[in-house]
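Colleague: here are the coordinates; sequence isn't available:
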């Protein structure tokens, strides 16, 4: 009997020990040549024009490149060469010329040419192709607003030589915007590999599970489903062979990420929204001697949207009362531990187009009650606050908002659901107020969210003056004049309040101290200029 | 054949044994008083009952016992360690853990009692019908039970909760009540199959009693003991399922506290290692309430099992 107990204890110890080995711990021996990055969820494929999420594009950008890489520095957009060595806009801001690096080659040795770029634009713009890059090329002449070709219309793309080409837009556009979207977000496909695949069969082509012919600084080796992606150095990379020889992108949940960081088994998190440190674990990461915590000034925000099809939410005094009632300073100081900002609008404080003159409505419960009374709010009405599950901070924000609104006399019932159900409720106008987040391009055009009938106009609002300003912002190509328009837009936004922007959360990421040359790009991701990465000894 | 004793013969037998023991009966000894005696000798069961009574008392008196409102936010104490103002600390949005723990007892007790009461009624009715009438009726009802028992329960519950519209405590009760009856019905059916050919039932039938009278008056009281035991264990299960659903966000909706949704705070290594006040109290409450009910069930089973009495 006693012997059996010893055995039992031994078995239990073994099982517990086995459970404590985190998933994804397999992979790499540590050296100055190998770097391990961690992100939360797996990608569904590695298509440079159709992977499902930021998780996929994080991996894609090691393997495939566009013309340039973009990053915001001191509120200025900075472009670095990727496939292109030169890019220039014509004086009329309607024609853009690119020159591809003379030594830019595919991983199989074939040169990257203007034909590959043309093939990529033709593929994305083919109505039969499944892609999420349409918006990035939609300004090009001959394409619809969704970036698809129209019959009988000349495509604004011209090959000038084997390594140079020219793109013409429908109307003059802001060159910054064009370079960010076309130059930074369109990754080039190999024509000699995919040229013969019919566009409607492209999405399911095996190449996108095993993309061995890329053009970036790293080559694809293997993907162990839901565990890790292995990448190896491209010795012939035209901007100089990377110093790091091998990169592993591990798919690990936040808890495991922390444990691996503590064991010095992980070099960096993937970045904003896809591989971060949980708020509770932040202090602990700061205590680790071998890592550098990096706060990323948010390119995105969390907001509370109002359903404008509810007559009782139509009065802007009611919406402003709620902005006054919600204790946003408390949310940022306590819930985010100060790692975030408050701004009354959808253009981030860390954006050149941000209007600093628009101040957020103060937390003022007396003012909130007064406004509600003025607007004739029915204090017996119970409204539904919809909260999606998944983002734990947002869920907690929901609890605080309810308490805050109850405190000024608004009866609120929280209704939680999974994200797809939540999104369906918002688009189906089946809610009163709801929480959700947004992170978009650096360009200030937010028509898809705030214009009447926009694809992401979750509040279903229609504000004539707002439509006017948004249309004008897209039509103008001069950055200074655009800035004036978007300043007015932000003033109008704070007055009308289709959303209460709750907070701009900073990204909480980490880089091992042994790493240098690591920076985040405009999306807050660390796959920026990866050929500059240097890993020191452990 | 296992010994099945009718209530009338029970007291006779009891007095016989009493006479053998040489004790003087001061009042008529019944099956239930005997069972009570036996139950009281089961120490774990009695302590389980006491713990449950205390928890029920706390739930009933929550308004007076809780030091703070369970939803009030302390703006200067988010995830604060236990202190004089907050004896069990505060949670991730600055609410008093002790107060939430006390109010959460209401949810667990309500779900446990109402869900089980609901499926005991359904299960007994279906089981009794199947067992009493037998034949085709039994065949059909038994197959329905088989089908329902072969679904993975948590998946069905997740599905049902989302189909019923918005998740709430009442939906959890409804779903548990509507899905929990087949196991119980099977138990009751077994009892009725054994009982229906006994002499006293035949006698009642020969008297010309109606089916309803035979079932309700003569058979049901004798089938009640195992139902009571199953219901007790069922209550423990209902509390666990509610905790699981609330942890997944499909049970009790915030800001109403439940032990399950209080545990959702504990999803990071730092909280698990350095902030035990966020997860130990609700975890402990789930543990002791389920353990107490299970002890209680054990005691009831032993006390009510006629085959153990001789």
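Modeller: Structure received. Since this is a predicted model, take the numbers as computed values, not measurements.
Colleague: what residue ranges in the chain score low on pLDDT?
Modeller: Since no chain was named, I'll use chain A. Along chain A, the parts satisfying pLDDT under 70 run over A:1-30, A:440.
Colleague: that's the wrong chain, I meant chain B
Modeller: Using pLDDT under 70, chain B drops low at B:1-27, B:162, B:165, B:306-310.
Colleague: switch to 50 and redo it
Modeller: For chain B, the stretches flagged by pLDDT under 50 are B:1-20, B:310.
Colleague: Let me know the distance separating residue A:240 from chain B.
Modeller: 39 Å (C-beta to the nearest C-beta, to the nearest Å). The C-beta positions use only the backbone N, C-alpha and C, and glycine is treated the same way.
Colleague: For that residue, which non-adjacent residue is closest in space?
Modeller: residue A:531 (6.1 Å; C-beta to C-beta, 6 or more residues apart in numbering or on different chains).
Colleague: I figured that neighbour hits residue A:217, correct?
Modeller: Yes: with contact defined as C-beta atoms under 8 Å, residue A:531 reaches residue A:217; the gap is 4.0 Å.
Colleague: how about the residue nearest to residue A:240, what does it touch?
Modeller: By C-beta atoms under 8 Å, 6 or more residues apart in numbering or on different chains, the contact set of residue A:531 is A:217, A:237, A:239, A:240, A:241, A:242.
Colleague: What helices and strands are in contact with the helix or strand residue A:324 falls within?
Modeller: Using DSSP states H and E, residue A:324 sits within helix A:316-325. Packing partners of helix A:316-325 (3 or more C-beta pairs under 8 Å, 6 or more residues apart in numbering or on different chains; DSSP states H and E): helix A:365-374, helix A:392-407, helix A:479-496, strand A:499-505.
Colleague: And the residue of the stretch 351-500 of chain A that's closest to chain B?
Modeller: Across the stretch 351-500 of chain A, the shortest distance to chain B (C-beta to the nearest C-beta) belongs to residue A:389, at 4.5 Å.
Colleague: Help me confirm that that residue comes into contact with residue A:415.
Modeller: No: at 11.0 Å, residue A:389 does not count as touching residue A:415 under the criterion of C-beta under 8 Å.
Colleague: Would you map out the domains in chain A?
Modeller: Using automatic domain parsing, the domain ranges for chain A come out as A:15-63+A:216-290+A:513-535, A:68-194, A:300-506.
Colleague: So residue A:257: helix, strand or coil?
Modeller: The three-state assignment at residue A:257 reads helix, by DSSP: H, G, I helix; E, B strand; the rest coil.
Colleague: where's the closest residue to it other than its chain neighbours, which helix or strand?
Modeller: Excluding the flanking residues, the one nearest residue A:257 by C-beta to C-beta, 6+ apart is residue A:38, at 4.8 Å. Using DSSP H and E, residue A:38 maps to strand A:34-39.
Colleague: Show me what that strand is packed against.
Modeller: Identification of packing neighbours for strand A:34-39 by 3+ C-beta pairs under 8 Å, 6+ apart yields strand A:246-251, helix A:254-262, strand A:268-269.
Colleague: Could I get the buried residue list for stretch B:212-226?
Modeller: By neighbour count with 16 or more other C-beta atoms under 10 Å in any protein chain shown, stretch B:212-226 contains the buried residues B:214, B:215, B:218, B:219, B:220, B:222, B:223, B:225, B:226.
Colleague: In this structure the third one contacts residue B:200, no?
Modeller: Yes: taking contacts as C-beta under 8 Å, residue B:218 lies within contact range of residue B:200: 6.3 Å.
Colleague: Give me the distance between the residue in the stretch 101-250 of chain B that chain A sits nearest to and residue B:109.
Modeller: For the stretch 101-250 of chain B and chain A, the shortest gap (C-beta to the nearest C-beta) falls at residue B:249, measuring 4.5 Å. Distance of residue B:249 to residue B:109, given as C-beta to C-beta, to the nearest Å: 22 Å.
Colleague: Could you check how far residue A:170 is from residue A:177?
Modeller: 13 Å.
Colleague: Between the two, point out the one with more neighbours.
Modeller: Set residue A:170 next to residue A:177 and count neighbours by other C-beta atoms under 10 Å in any protein chain shown: residue A:177 wins out with 21 against 15.
Colleague: Please, which helix or strand holds that one?
Modeller: Residue-wise, residue A:177 maps onto helix A:175-178 under DSSP H and E.
Colleague: who's in contact with that helix?
Modeller: A:77, A:89, A:93, A:96, A:139, A:169, A:443, A:445, A:477, A:479.
Colleague: now the residues you listed: which count as buried?
Modeller: By 16+ other C-beta under 10 Å, the contacts of helix A:175-178 give A:77, A:89, A:93, A:96, A:139, A:169, A:443, A:445, A:477 as buried.
Colleague: and the third one, what does it touch?
Modeller: In this case it means residue A:93. Counting by C-beta under 8 Å, 6+ apart, residue A:93 touches A:172, A:173, A:174, A:175, A:477.
Colleague: Let's see that with 6 Å instead.
Modeller: Neighbour list for residue A:93: A:172, A:175, A:477 [criterion: C-beta atoms under 6 Å, 6 or more residues apart in numbering or on different chains].
Colleague: Any figure for the gap between the second one and chain B?
Modeller: Using C-beta to the nearest C-beta, one gets 44 Å for the distance from residue A:175 to chain B.
Colleague: helix, strand or coil for the residue lying closest to residue B:46 once chain neighbours are set aside?
Modeller: Among residues not flanking residue B:46 along the chain, residue B:40 sits closest, at 6.2 Å (C-beta to C-beta, 6+ apart). Assigned by three-state DSSP, the conformation of residue B:40 is helix.
Colleague: Any figure for the gap between residue B:40 and chain A?
Modeller: For residue B:40, the distance to chain A (C-beta to the nearest C-beta) stands at 32 Å.
Colleague: list the residues that contact both of residue A:531 and residue A:217?
Modeller: Common neighbours of residue A:531 and residue A:217 (C-beta under 6 Å, 6+ apart) are A:237, A:242.
Colleague: hey, what's the nearest residue to residue A:398 once chain neighbours are set aside bridged with?
Modeller: Counting by C-beta to C-beta, 6+ apart, residue A:387 is the residue found nearest to residue A:398 once chain neighbours are left out, at 3.8 Å. Here residue A:387 sits in beta bridges with residue A:416, as judged by DSSP bridges.
Colleague: Next, the contact list for residue A:387, please.
Modeller: By C-beta under 6 Å, 6+ apart, the neighbours of residue A:387 are A:395, A:398, A:414, A:416, A:435.
Colleague: can you check residue A:329 too?
Modeller: residue A:363.
Colleague: is it fair to say it lies in a helix?
Modeller: Yes: according to three-state DSSP, residue A:329 belongs to a helix.
Colleague: And it, how far from residue A:398?
Modeller: Taken as C-beta to C-beta, the span from residue A:329 to residue A:398 is 17 Å.
Colleague: what's residue A:79 in contact with, if anything?
Modeller: Counting by C-beta under 6 Å, 6+ apart, residue A:79 touches A:68, A:70, A:179.
Colleague: follow-up on the earlier one: with mean neighbour count as new columns, can the helices and strands packed on strand A:34-39 be given to me in a markdown table?
Modeller: Below are the helices and strands packed on strand A:34-39 laid out as a markdown table (neighbours: other C-beta atoms under 10 Å in any protein chain shown):
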| stretch | mean neighbour count |
| --- | --- |
| strand A:246-251 | 24 |
| helix A:254-262 | 21 |
| strand A:268-269 | 26 |
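Colleague: could you redo the ones you listed as TSV and give each row distance to residue A:53?
Modeller: Shown next, in TSV, are the helices and strands packed on strand A:34-39 (distance: least, C-beta to C-beta, whole Å):
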stretch	distance to residue A:53
strand A:246-251	12
helix A:254-262	17
strand A:268-269	16
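Colleague: With residue A:345 as the reference, name the closest of those.
Modeller: With C-beta to C-beta as the measure, strand A:268-269 is the member of the helices and strands packed on strand A:34-39 nearest residue A:345 (28.6 Å).
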